[in-house]
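Engineer: Fold the following.
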Amino acid sequence: MNNLDRIRARYLQDPLPRRLGGIAADLARVVSSSRHADASEVVALMLEESQHFIEWAVAEADLAVAAELVDVQIGLALWRKIWPEAQHHAGHRALLAWQAKQWSDRLLQISGLLDSAPA
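Structural biologist: The predicted structure is shown next:
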């Protein structure tokens with residue numbers, strides 16, 4: 001069993017809402033890291049990790065949530081493709097931060113975790 005298989009096995013032990021919250025947290029880390037030019041390798045790894053988490057979560061999601069996850073997955077794939085060049089431009093890093101924030105907020109909302117949080 002390789003490391004990715006172990007991560008997947010552990011990830012799938014959590015209920016879907018917690019997994020969606022985890023993806024939202026990963027994307028929030030992309031927000032903070034993408035603003036810094038010296039964190040480009042970390043950002044690339046987080047984009048890839050988020051894609052894995054979405055792939056593993058989408059099968060258990062209802063159709064509406066799965067559709068949103070697929071949209072995020074496509075966006076992450078596009079960012080991963082252009083990141084080697086985009087990382088060198090502050091404007092592109094800011095755009096990724098903005099997009100990742102939108103995705104993070106939306107996934108946290110649809111996870112339902114905010115509904116069960118104490119006031």
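
Engineer: Relative to residue 104, how far out is residue 21?
Structural biologist: 10 Å (C-beta to C-beta, to the nearest Å). (Each C-beta comes from the backbone N, C-alpha and C, glycine too.)

Engineer: Same check on residue 74?
Structural biologist: From residue 74 to residue 104 the distance is 16 Å (C-beta to C-beta).

Engineer: now swap in residue 72 and tell me
Structural biologist: In terms of C-beta to C-beta, residue 72 sits 9 Å off from residue 104.

Engineer: Common neighbours of those two, please.
Structural biologist: Shared contacts of residue 72 and residue 104 (C-beta atoms under 8 Å, 6 or more residues apart in numbering): residue 27.

Engineer: Any chance you could list what contacts the longest helix anywhere in the chain?
Structural biologist: Using DSSP state H, we find that the single longest helix of the chain is helix 63-86. Under the criterion C-beta under 8 Å, 6+ apart, residues 20, 23, 27, 40, 43-44, 47-48, 50-51, 54-55, 57-59, 61, 92-93, 95-96, 99, 103, 106-107, 110 lie in contact with helix 63-86.

Engineer: What are the buried residues along it?
Structural biologist: Going by neighbour count (16 or more other C-beta atoms under 10 Å), the buried part of helix 63-86 is 65, 68, 69, 72, 73, 75, 76, 79, 83, 86.

Engineer: between those, which is nearest residue 31?
Structural biologist: Closest approach to residue 31 among those (C-beta to C-beta): residue 79, at 12.4 Å.
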